[in-house]
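Chemist: Quick one, fold the following:
(one chain, ligands or ions: 1)
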Amino acid sequence: MEILPFVHPGSSTWSYVVADTVARRAAIIDPALDYDAASGRTGTASAQKLVDAVRSRGWTLDWILETHAHADHLSAAQFVKHELGGKVAIGEGIRKVQATFKALYNLDAGFKTDGSQFDHLFKDGEHFAIGGLEGRVMAVPGHTSDSVAYLIGDAVFTGDTLFMPDSGSARCDFPGGDAGMLYDSIHRILALPEATRLFMCHDYGPGGRERKYETTVGEERRSNGHVKEGISRDEYVKMRHERDATLPVPALLLPAIQVNIRAGHLPEPEGNGTVYLKIPVDKF
Ligand SMILES: [Fe+2]
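Modeler: The predicted structure is shown next:
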């Protein structure tokens, strides 16, 4: 198994290429689209690096895996699919996220909340393959109701459930978020063997340290400031609620969610051929 990390500088998102180098089959996890909020312009320079990594090695892309409907960046899933093929997949909890945000954005009746914009919806515990690599899906709701982690070999791609030990855990104050649920989800991951490698979806390099993307179950159990051994569920929930109350709305939440609930498709162009994103006023 080979794991190639790529950082998306605009959102500090880690995207990954995961491959069975013998079978030459790969998956891409959480590809990010570039988006400039001031101009409304999208770009594919960052996602192109993922595409080039797969193409230059002659790998076939089986999957484009989303860990959840991200609130901080637009997904490049459809660009990657257009370039390399592969099935765009996410957890089945996306249906709930779609229903919540369909109401918020007042999307028309044609917007389906059955997840059918994706090629595949994963159930908790579902198995999948990347060549000879075996993957297993872990539903880890809490940050969002659709969050999943992907266990592939001895590696877990955690999405936003966990951050590096000095950065704790993800916020739970978006619609559908639940701190108690996140605590339980994190502990499902921390129940895996100590040496299990954990690959982060984000790292902001706190205090000016270099950005990191990899840790282990053992390291998180020993030293994660939010969820290390000894911190109770009640303590965690209290801390999470207090901390979330201080956090600003992510800069790209409103543009990102309406693309990401469409599996990375932009909304249909209007009569003049232009695509528009909607901004609900005074709702966040
Ligand atoms: Fe997130």
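
Chemist: who's in contact with stretch 78-89?
Modeler: 27-28, 31, 33, 44, 47, 50-51, 54-55, 60-66, 77, 118-122, 128, 263-265 (C-beta atoms under 8 Å, 6 or more residues apart in numbering). Quick note: C-beta positions are derived from backbone N, CA and C, even for glycine.

Chemist: So which bits of that stretch are buried?
Modeler: 78, 79, 80, 81, 83, 84, 86, 87, 88, 89 (16 or more other C-beta atoms under 10 Å).

Chemist: do stretch 174-187 as well
Modeler: Under 16+ other C-beta under 10 Å, the buried positions of stretch 174-187 are 174, 175, 176, 177, 178, 179, 181, 182, 183, 185, 186.

Chemist: Sheet partners, orientation included, of the helix or strand harbouring residue 90?
Modeler: Element membership of residue 90 [criterion: DSSP states H and E] is strand 87-91. Its sheet considered, strand 87-91 pairs with strand 60-65 (parallel), strand 120-122 (parallel) by DSSP bridges.

Chemist: Mind listing what's buried along the first one?
Modeler: Meaning strand 60-65. Those would be 61, 62, 63, 64, 65, for strand 60-65 by 16+ other C-beta under 10 Å.

Chemist: So which residues make contact with the helix or strand following that strand?
Modeler: Once strand 60-65 ends, the next helix or strand along the chain (criterion: DSSP H and E) is strand 74-75. Under the contact criterion C-beta under 8 Å, 6+ apart, strand 74-75 has outside partners 30-33, 35, 42, 66, 252, 255-256, 259-260, 263-264.

Chemist: of those, closest to residue 107?
Modeler: Among these, residue 259 lies closest to residue 107 (C-beta to C-beta), at 12.3 Å.

Chemist: Which strand residues bridge the spatially closest residue to that closest one that is not a sequence neighbour?
Modeler: Excluding the flanking residues, the one nearest residue 259 by C-beta to C-beta, 6 or more residues apart in numbering is residue 74, at 4.6 Å. Here residue 74 sits in beta bridges with residue 33, going by DSSP bridges.

Chemist: how many neighbours does residue 74 have?
Modeler: Other residues within reach of residue 74, judged by other C-beta atoms under 10 Å, total 24.

Chemist: how near is it to the ion?
Modeler: 12 Å (C-beta to the ion, to the nearest Å).

Chemist: now do residue 262
Modeler: 17 Å.

Chemist: returning to that earlier point: can you tell me which two in the buried residues of stretch 174-187 are farthest apart?
Modeler: 175 and 186 (20.2 Å).

Chemist: And the residue nearest the centre of the chain?
Modeler: residue 67 (3.6 Å; C-alpha atoms, centre = their mean).

Chemist: list the contacts for that one?
Modeler: 29, 30, 90, 147, 148, 149, 150, 157, 158, 159, 160, 201.

Chemist: that older thread, looking at the buried residues of stretch 174-187, which one is closest to residue 106?
Modeler: Closest to residue 106, out of all of those and judged by C-beta to C-beta, is residue 175, at 14.6 Å.

Chemist: I figured the closest one hits residue 102, correct?
Modeler: No. Assessed by C-beta atoms under 8 Å, residue 175 is found out of contact with residue 102, at 11.4 Å.

Chemist: ok, residue 129 - how many residues close by?
Modeler: 15.
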